[in-house]
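In: only the shape, not the letters, is given here:
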């Protein structure tokens with residue numbers, strides 16, 4: 001089944017003060033005003049009729065497998081798990097810049113029929129290795145809820161890469177790179 005037939009086209013309203021920068025494959029994409037560091041929060045709102053909450057939840061729950069889902073994650077290793085969640089080491093790659101690496105605390109919460117996978121950087125970050133750079137900020141969430149026979153997905157990401165990053169790399173990530181991350185989850189959820 002083609003992706004065009006497998007998605008539902010809905011027009012989401014931009015959150016107050018945010019700009020819509022793209023719309024494709026069942027998703028609308030938004031960018032918040034920039035914060036004091038000069039970076040926006042990115043948001044995708046999608047309805048995918050061809051994938052279930054359970055399928056997407058299974059993909060996101062496999063924290064050590066995120067490097068098999070997202071092309072920008074070169075390595076994902078679960079470091080520890082306790083009642084607060086799981087600490088995961090991730091190494092992110094993008095052409096033209098040093099790799100970024102972070103220890104992220106992941107949590108999973110269920111409220112009614114909605115499942116939320118959220119993450120943020122741990123309070124203490126180990127020194128980066130092999131010329132890598134620790135980002136200034138990496139926080140976000142995937143929110144999954146039933147929508148008809150499919151799933152409504154809300155994806156938010158606030159990422160500040162730190163170090164020397166050319167403007168064109170930042171702009172590419174904040175547009176087509178974010179769209180790609182979203183669509184890669186969709187594909188993984190389809191099995």
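Out: The structure has been received and is ready for your questions. The model shown is predicted, which means the values in this text are computed figures rather than measured ones.

In: what strand or helix carries residue 67?
Out: helix 66-69 (DSSP states H and E).

In: ranges for the helices of this structure?
Out: For the chain, the helices defined by DSSP state H occupy 3-6, 53-61, 66-69, 167-172, 178-189.

In: just so I know, which of these lies nearest residue 110?
Out: Smallest distance to residue 110 across those (C-beta to C-beta): 9.1 Å, for helix 53-61. For the C-beta atoms, the positions are set from N, CA and C on the backbone; glycine is no exception.

In: what's the closest one in contact with?
Out: 65, 69, 108, 113, 115, 117, 142, 144-146, 151, 153, 185, 188-191 (C-beta atoms under 8 Å, 6 or more residues apart in numbering).

In: give me the buried subset of those.
Out: With neighbours counted by 16 or more other C-beta atoms under 10 Å, the contacts of helix 53-61 contain buried members at 65, 69, 115, 117, 142, 144, 151, 153, 185, 188, 189, 190.

In: next up, the contacts around residue 105.
Out: Applying C-beta under 8 Å, 6+ apart to residue 105 gives the contacts 84, 85, 86, 87, 119, 120, 121, 122.

In: which of those count as buried?
Out: In terms of neighbour count (16+ other C-beta under 10 Å), the buried residues within the contacts of residue 105 are 85, 86, 87, 119, 120, 121, 122.
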